[in-house]
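Visitor: just the structure for this:
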Amino acid sequence: MSARGYLLALALAAAGGLVALLALRQQWAHVITYQPAPLPAGADSVTGEALVPAAWALTLASLAGVVAVVATRRLVRRAVGALLALFGAAIVLMVVTGASTPDVLAAARGAAFSQGGSVTGGSSGNLGTLPGGSPGVTSATHIVLVSFPWRGIALLGALALVAAGVLVAWRGGKWPGMSSRYERPAPSGGERADSASLWDSLSRGLDPTEREDASRPSSR
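Guide: Down below sits the predicted model:
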């Protein structure tokens, strides 16, 4: 059960982090700006990464935490599991609350400033209309959410991180560590006694190899 729990936690954390990363890289919203004729309408796509950048950063940190689970042991590993659970819970909160109309508009304007313009296009299914589009131009801005199913997939990935973190924090202290395979086993009582007698003979100026030869039976 210990080995299966270990592998289950690692699989949940790795899969949850990768799924959340994939979902955050997708388009979650379109911002369509209608400008006075003859100017064409512009459309900016907003990814989940741009909309909730802190969730993106926490997802990357969670994937690093998977490596930490493998490399640590006992209390340190349990602390890493608690951090994984906290990261996952924070991602859930950000994904649920970070897709409001002002958030989408702010992310789209930031992307437009960084790219130096908008991408021409269109969409349907308006979520809301806000006055004022590009700076210096009187226009109407329509925000269209296209986050299905990626927003829900990001939530599933974050919940998997929470489950993995709870499992590591609960049971991780009993799982074997990677470093234990390379630790030198402690010497037995006989080996410690032989070492002590060897150093005692050397300190008295005796050659311990001569005593070993004398103790062996003659082959004649």
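Visitor: buried sites along the helix or strand harbouring residue 152?
Guide: Using DSSP states H and E, residue 152 maps to helix 150-171. Buried residues in helix 150-171, defined by neighbour count with 16 or more other C-beta atoms under 10 Å: 150-151, 153-169, 171. Where you see a C-beta, it was placed from the backbone N, CA and C, and this is true even at glycine.
Visitor: stretch 38-52 now?
Guide: Under 16+ other C-beta under 10 Å, the buried positions of stretch 38-52 are 41, 42, 43, 44, 45, 46, 47, 48, 49, 50, 51, 52.
Visitor: which of those residues lies closest to residue 34?
Guide: For those, the residue nearest residue 34 by C-beta to C-beta is residue 41; the value is 5.0 Å.
Visitor: show the subsequent helix or strand relative to the lengthiest strand in the chain.
Guide: Longest strand in the chain by number of residues, with DSSP state E as the criterion: strand 27-34. Sequence-wise, the next helix or strand downstream of strand 27-34 (DSSP H and E) is strand 42-47.
Visitor: ignoring the adjacent residues along the chain, who's closest to residue 88?
Guide: residue 161 (3.2 Å; C-beta to C-beta, 6 or more residues apart in numbering).
Visitor: typed the wrong thing, it's residue 82
Guide: Residue nearest to residue 82 in three dimensions, not counting chain neighbours: residue 169, with 4.6 Å by C-beta to C-beta, 6+ apart.
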